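*Asks:* fold the following.
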Amino acid sequence: MSENSIEDVPPSAKLVYKVLEYNGDLTQKEIVERSMLSQRTVRDALARLREVDVVAEEVYIPDARQNLYRLTVEDATEERAATPETPD
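*Replies:* Predicted structure coming up:
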């Protein structure tokens, strides 16, 4: 969705969003390691991000016991770069 959806989530969910934005697709364990948040906090943050449709959950093929998380929205910086600015 849009960045407005991200504005309504807690700071921990915003951090998880940024970790996925910078690192690409990750498992929950990898997000915990990179964000230095607790496993429960990451799980709750991912649930909130799924509620606002900015994160998708898929089966992690190398280990089906884990899930792979990816952003479902375009990188905001790419969107800004693609939109030309018009002078006023």
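*Asks:* contacts and neighbour counts: CA atoms only from here.
*Replies:* OK.
*Asks:* now the residue nearest to the spatial centre of the chain: which helix or strand?
*Replies:* Central residue of the chain (Cα atoms, centre = their mean): Tyr17, 3.1 Å from the mean position. Under the criterion DSSP states H and E, the helix or strand holding Tyr17 is helix 11-23.
*Asks:* just the CA coordinates of that helix, formatted as PDB?
*Replies:* Written as PDB, here are the backbone C-alpha positions of helix 11-23 (Å, rounded to 0.1, in the frame of the first residue of the first chain):
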ATOM      1  CA  PRO A  11       8.200   1.700  15.800                       C
ATOM      2  CA  SER A  12       9.200  -2.000  15.900                       C
ATOM      3  CA  ALA A  13       7.100  -2.700  12.800                       C
ATOM      4  CA  LYS A  14       8.700   0.300  11.100                       C
ATOM      5  CA  LEU A  15      12.200  -1.100  11.900                       C
ATOM      6  CA  VAL A  16      11.200  -4.600  10.500                       C
ATOM      7  CA  TYR A  17       9.900  -2.800   7.400                       C
ATOM      8  CA  LYS A  18      13.300  -1.000   7.000                       C
ATOM      9  CA  VAL A  19      15.300  -4.200   7.600                       C
ATOM     10  CA  LEU A  20      13.300  -5.900   4.800                       C
ATOM     11  CA  GLU A  21      13.600  -2.800   2.600                       C
ATOM     12  CA  TYR A  22      17.400  -2.800   2.900                       C
ATOM     13  CA  ASN A  23      18.100  -6.600   2.900                       C
END
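*Asks:* about what we covered before: tell me the spacing between the residue nearest to the centre of the chain and Leu49.
*Replies:* Distance of Tyr17 to Leu49, computed by Cα to Cα, to the nearest Å: 8 Å.
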